[in-house]
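**Student:** Predicted coordinates and the sequence they were generated for:
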Amino acid sequence: MNTELPAQRCCCSQTSLIAGADSPCSAETVGRDQPAGGPTPRWVVGSVNSPVGEVPQVGTSLDGRDRLDAWKVRWNIGRMRCRIEPGLYAVGEPSADSPVLVTANYKVTFDRLRSQLAGQTAWILVLETLGINVWCAAAKGTFGTDELVRRIEMTGLPEVVSRRTLIVPQLGAVGVAAHEVRKRSGFRVVYGPVRAADLPAFLAAGMKAAPEMRQVRFPLWDRLAVVPIELVYWPRFVLPIMLALTILAGLGTDGYSWSRVAGVGLPSAALFFVAWAASLVLTAWLLPWLPGRAFAAKGAWLGVALLPGAAAYGLILTHCWAGWLTAAAWCILIPVVASFMAMNFTGSTPFTSLSGVRREMRVAVPLQTAGAVVGTILWVVGLFV
């Protein structure tokens, strides 16, 4: 029901059912198994009486602050505060026969779910996933069988509902063993559709999913949605590299030259920055069409495609691309940068598996490291030739 693993830094895309874009939300109150106290979240619109006491009733409309918060988290603003308290919540006036929807306590995931339940009556069982969406949390083990069984017990869910059925996000299935849940809790697990928007039709069809509800899509907008957090995360590494290129460019056979810093260093730093940023944006944009299955290979091909533009840039600023050693250095470094940055999307798409990513990294990272070392050596030697 959610495929938003992170973005960063986790698996995260918006091919989700119960997951979403983002939201720097504070850890606001309050499922039945949580201690009382603190301000009531604005999305709690009332309460519903149940055999275990009052259960918070949540609204199904997202306001401007919800949407602004979602935008902020996409840019890594307040990301680690984007969670709600686990526990039991109500939509509408649910009864003992109403469906129980299971989700994560990542606020955006929770918002995505409740926003699709207008006119519905249901219980929402929120698991403690440490503010991580369903897809990522299932891979990490926090959205799993043990936490689900524990939360059933802590909320007193068996006393609240007579229908012993839980609707679990399809993309959380890797973490939830249905037979174990039934054995340990008496609740049957039904896996819901991939996207939250399909939930009303799924419920209306008697909890039966049409084939298209099982298909994970990763269109252009979903791919671009994971770019901002990468753009925010990586400057802490990119800027020091740019500074090093700028400073090192002053070296030469005649000693240190500030004119080379300006004529070679600054253009080189700018070239590195453009190669990095272009790799992030273009990888997400062109992902389905880049050759190869491995993301490292896709990125490397993209880097090769960027070389003519880099060469044109270097030739215009002659000192930036002067000499065959410098040219060879950039012909190695740009594909290496693009290859490495492309690998950062492995956890943000439905195209990969954890085991496949590990195998890819075992092969790609040593090659990328070697390429970075060789390219850097060639670039430095080129300063003295």
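**Tutor:** Thanks, I have it. Numbering: from 1, shown residues only.
**Student:** For Arg81, see how far away the residue of the chain most remote from its centre is.
**Tutor:** Each residue of the chain has a distance to the centre, and by CA atoms, centre = their mean the biggest one is for Asp254: 49.3 Å. Per CB to CB, to the nearest Å, Asp254 is found 54 Å from Arg81. C-beta: built from backbone N, CA, C; applies to glycine.
**Student:** Thr155 too?
**Tutor:** According to CB to CB, Thr155 and Arg81 sit 24 Å apart.
**Student:** So which of the two has more stuff around it?
**Tutor:** Thr155 (25 against 16; other CB atoms under 10 Å).
**Student:** quick one: secondary structure of the nearest residue to that one once chain neighbours are set aside?
**Tutor:** Distance criterion CB to CB, 6 or more residues apart in numbering; nearest residue to Thr155, sequence neighbours excluded, is Leu88 at 4.1 Å. Recorded secondary structure, Leu88: strand (DSSP: H, G, I helix; E, B strand; the rest coil).
**Student:** Could you measure from Leu88 over to Asp97?
**Tutor:** Distance of Leu88 to Asp97, given as CB to CB: 16 Å.
**Student:** which stretches of the stretch 251-385 of the chain aren't confidently modelled?
**Tutor:** Scanning the stretch 251-385 of the chain for pLDDT under 70 picks out 315-322, 347-354.
**Student:** if we can go back for a sec, of Leu88 and Asp97, give the one with the bigger neighbour count.
**Tutor:** Shown here are Leu88 and Asp97; by other CB under 10 Å, Leu88 has more neighbours (28 against 9).
**Student:** partner residues bridging that one?
**Tutor:** Assessed by DSSP bridges, Leu88 has beta-bridge partners Leu125.
**Student:** Against Gln215, how distant is it?
**Tutor:** 31 Å.
**Student:** now Ala118
**Tutor:** For Ala118, the distance to Gln215 - CB to CB - is 24 Å.
**Student:** cool, and Asp146?
**Tutor:** Distance, Asp146 to Gln215, by CB to CB: 30 Å.
**Student:** Looking at the two, which is more packed in?
**Tutor:** Neighbours per residue, other CB under 10 Å: of Asp146 and Gln215, the larger number sits with Asp146, 15 against 12.
**Student:** and the more buried one, helix, strand or coil?
**Tutor:** With three-state DSSP as the criterion, Asp146 reads helix.
**Student:** Quick check: it vs Glu153, distance?
**Tutor:** Asp146 sits 11 Å away from Glu153, going by CB to CB.
**Student:** One more: Ala137?
**Tutor:** In terms of CB to CB, Ala137 sits 19 Å off from Glu153.
**Student:** And the two? Which one has more around it.
**Tutor:** More crowded of Ala137 and Glu153, by other CB under 10 Å: Ala137, with 31 against 12.
**Student:** which residues sit in contact with the more buried one?
**Tutor:** Counting by CB atoms under 8 Å, 6 or more residues apart in numbering, Ala137 touches Ala104, Tyr106, Leu127, Thr129, Leu130, Phe143, Gly144, Gly172, Gly175.
**Student:** quick check, nearest of those residues to Lys72?
**Tutor:** Nearest to Lys72 among the contacts of Ala137: Tyr106, at 14.2 Å, using CB to CB.
**Student:** Quick check: chain neighbours aside, which residue is closest to the closest one?
**Tutor:** Tyr106's closest residue in space is Asn133 (CB to CB, 6+ apart), at 4.5 Å.
**Student:** Correct me if wrong: the one you found contacts Lys107.
**Tutor:** No: using CB atoms under 8 Å, Asn133 is not in contact with Lys107; the gap is 9.9 Å.
**Student:** So which of these two has more stuff around it?
**Tutor:** A side-by-side neighbour count of Asn133 and Lys107, using other CB under 10 Å, places Asn133 first with 39 against 28.
**Student:** what's the distance between the more buried one and Ala329?
**Tutor:** Distance from Asn133 to Ala329, by CB to CB: 40 Å.
**Student:** what helix or strand is Val357 on?
**Tutor:** Element membership of Val357, judged by DSSP states H and E, is helix 354-382.
**Student:** buried set for that helix?
**Tutor:** Residues of helix 354-382 classed as buried by neighbour count (16 or more other CB atoms under 10 Å): Val357, Glu360, Met361, Ala364, Gln368, Gly371, Gly375, Thr376, Leu378, Trp379, Gly382.
**Student:** residue contacts, the fifth one?
**Tutor:** Contacts for Gln368 (CB under 8 Å, 6+ apart) come out as Ala296, Val336, Ser339, Phe340.
**Student:** Name the surrounding residues that touch stretch 264-280.
**Tutor:** Applying CB under 8 Å, 6+ apart, the external contacts of stretch 264-280 come out as 227, 230-231, 234, 238, 241-243, 245-250, 299, 302-303, 306, 310, 313-314, 317, 319-320, 322, 330, 333-334, 337-338, 341-342, 344, 379, 383.
**Student:** what about Leu157, neighbour count?
**Tutor:** Around Leu157 there are 22 residues (other CB under 10 Å).
**Student:** all helices of the stretch 1-150 of the chain, in order?
**Tutor:** Ranges of helices within the stretch 1-150 of the chain are 64-74, 107-114, 134-140, 145-155, based on DSSP state H, counting those that start in this stretch.
**Student:** Could you point out which of the ones you listed sits nearest Val181?
**Tutor:** Comparing the helices of the stretch 1-150 of the chain by CB to CB, helix 145-155 comes nearest, at 5.8 Å.
**Student:** Could you check how many residues crowd around Ser257?
**Tutor:** By other CB under 10 Å, 16 other residues sit near Ser257.
**Student:** do Lys208 as well
**Tutor:** A count of nearby residues for Lys208, using other CB under 10 Å, gives 11.
**Student:** again, but for Ala197
**Tutor:** Ala197 has 14 neighbouring residues, counting by other CB under 10 Å.
**Student:** Please apply the same query to Ala277.
**Tutor:** By other CB under 10 Å, 17 other residues sit near Ala277.
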